[in-house]
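Colleague: okay, predicted coordinates and the sequence, questions at the end:
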Amino acid sequence: MKNLKIKNLESGVSLIITFFILVIVLAVVLSISVILYSELKIIRNIGDSVVAFYSADSGVEKTLYYDRKILPEGMAGSMRGICNICASCPAGECLDCTVPATEGCDPLTCENCEVTFNSDLSGGKTYKVTARVSQVSSSDDPPLQFSELSINSVGSYNSVLGADPIKRAIELKLQKGRAQPPPPALSVSATAVPPSVSVGEQVNFIAIASEGTGIYSYVWSGDCVGTCSETALPCQCSTSFPSAGNYTATVTVESGTESISASAMVNVSLMQTSLAFSINPTSIGRGGTVNFSADLRDSGGNSIPGKQISFSGAPSAIADCTTGSNCSFAYTVPSTATYKTYTIVANFSGDSFHAPATDSKNLFVKRSTTLTADASPVPSTGGTTYVAAVLKSGTSNLSGKTLNLKDAAGNILASGITDSSGVVLFYNVPAMAPGTHINYFTVSFEGDSSYLSSFVNVNLIVTP
């Protein structure tokens, strides 16, 4: 019995040892299987990883393409094209494309913006791109800024249905200097100062260049010739012209490798003149003498001597006069002149420098008149004096004419209208000393359209 128990015990130990050996072997086999499976999975994923990497690379390439090549139409000076990718990318290529509507995302400037988009490729390949544009300062020169583009492209590939896709990411940063606009093209303006002048007056042709290198060489040609070399200042060409007309000067400007031309025109006219003609007196009878005077001046009011002035329209011929010497003279109306109004014209015909000028005045040739008048005496205590006046032309009494009785100061004391025998004017004389008061009154006829004026002085006799 004792031996039997020992034998059974040994059999149980062997079974346990065998079990443990089998467990150990199983564990080794399972471990090897897990390792082999993982390695096999890694080996399989290597190919998928390469595909995912190239998918991510496709996203980078597309981003760079649109950033560098596809700029907004009419905006060739844009900093970057990435801010316009959603508008430029063909339908179906840039899915879920988003560009924020902020100032930094303006396609023309594109200074501070984040753009996202994705794309589905054939065979289970995809990529998602996040592109950020920002401005960074140079470490050597802080005021100098660069535009930095950061690209994060995540590519994925799934070759086994239901399995997790393999993803690979590429991050790339690129910087470029801020685009500087091309320097403005050389330009020049030309003007004539003043734009209109008279013959013989100076005109200045002025050229002003801008942009280019800032240093200019000017060459004037045409109706004004001159040069200005290597200067930053405007260039002036001055001249005058001997005859009327339109004159043009052309300037050619060189700055660096650029050259440009401009023209200016001036209108040259005859110097304007004015003629002042006067007649004194303007009313005269037959055989009477009047004074003529003519003065010729330029536009500045200066007298122009030595010019011939002719006259027309007078009752008889008048000789020409020369300004500055004998253009003030007496003219005697012929005794046979017709009684009427003569319009006398003074004329300057002009010359190569001066424009013509004319002036006219009316000369009234009228019948002459004479006045006779007597005043009745008055006592020294005062009283009314009666002044009898007769107005004649030749031997005929004139009726219907107004006569005025005036004192020594010219004040009108009384008025009356003549009839065929004249007119009687009366005035109340105050008390005054006895005697004959010479020229105490004046009787006057002021004249009219047919008759000349006349007057007569009247003495007043005052009795004791």
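Modeller: Structure's in. What do you need?
Colleague: was I right to think Tyr127 contacts Tyr157?
Modeller: No. Applying Cβ atoms under 8 Å, one finds Tyr127 not in contact with Tyr157, separated by 9.7 Å. In this view, the C-beta of every residue, glycine as well, is placed from N, C-alpha and C.
Colleague: these two - which one has more neighbours?
Modeller: Taking neighbours as other Cβ atoms under 10 Å, Tyr127 and Tyr157 compare with Tyr127 leading, 28 against 25.
Colleague: for that one, give me its contacts.
Modeller: Counting by Cβ atoms under 8 Å, 6 or more residues apart in numbering, Tyr127 makes contact with 55-56, 58-59, 118-119, 121, 153-156.
Colleague: okay, now the unreliable bits of the stretch 301-450 of the chain?
Modeller: Scanning the stretch 301-450 of the chain for pLDDT under 70 picks out 325.
Colleague: again, only using 90
Modeller: 301-302, 323-327, 351-354, 382, 408, 420-426, 429 (pLDDT under 90).
Colleague: the stretch 151-300 of the chain too?
Modeller: Ranges of the stretch 151-300 of the chain meeting pLDDT under 90: 151, 153-170, 172-185, 197-201, 212-214, 242-243, 256-257, 271-272, 298-300.
Colleague: could you redo the last one with a cut-off of 70?
Modeller: 160-163, 177-183.
Colleague: quick one, strands of it?
Modeller: Taking DSSP state E, counting those that start in this stretch as the test, the strands found in the stretch 151-300 of the chain are 166-177, 187-193, 196-198, 202-210, 216-222, 226-231, 235-240, 245-255, 258-269, 273-280, 283-284, 289-298.
Colleague: would you list those strands in a markdown table and tack on distance to Lys307 and mean neighbour count?
Modeller: A markdown table is the format used below for those (distance: least, Cβ to Cβ, whole Å; neighbours: other Cβ atoms under 10 Å):
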| stretch | distance to Lys307 | mean neighbour count |
| --- | --- | --- |
| strand 166-177 | 74 | 15 |
| strand 187-193 | 29 | 18 |
| strand 196-198 | 15 | 17 |
| strand 202-210 | 23 | 20 |
| strand 216-222 | 33 | 20 |
| strand 226-231 | 34 | 13 |
| strand 235-240 | 21 | 17 |
| strand 245-255 | 22 | 19 |
| strand 258-269 | 18 | 17 |
| strand 273-280 | 8 | 17 |
| strand 283-284 | 27 | 20 |
| strand 289-298 | 5 | 18 |
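Colleague: quick one on the thing from earlier: what sits in contact with each of Tyr127 and Tyr157?
Modeller: Ser55.
Colleague: if we only consider the contacts of Tyr127, which is nearest to Ser137?
Modeller: Ser153 (26.4 Å; Cβ to Cβ).
Colleague: spit out the contact partners of that closest one.
Modeller: 56-60, 63, 127-129, 169-172.
Colleague: any chance of the strands of the stretch 151-300 of the chain in a markdown table, with distance to Gly324 too?
Modeller: Output for the strands of the stretch 151-300 of the chain, formatted as a markdown table (distance: least, Cβ to Cβ, whole Å):
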| stretch | distance to Gly324 |
| --- | --- |
| strand 166-177 | 77 |
| strand 187-193 | 32 |
| strand 196-198 | 20 |
| strand 202-210 | 25 |
| strand 216-222 | 38 |
| strand 226-231 | 37 |
| strand 235-240 | 24 |
| strand 245-255 | 29 |
| strand 258-269 | 24 |
| strand 273-280 | 13 |
| strand 283-284 | 27 |
| strand 289-298 | 8 |
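Colleague: and the ones you listed: which comes nearest Asp407?
Modeller: Closest approach to Asp407 among the strands of the stretch 151-300 of the chain is made by strand 283-284 (25.3 Å; Cβ to Cβ).
Colleague: what strands flank that closest one, and is each parallel or antiparallel?
Modeller: Strand pairing for strand 283-284, using DSSP bridges, gives strand 357-365 (parallel).
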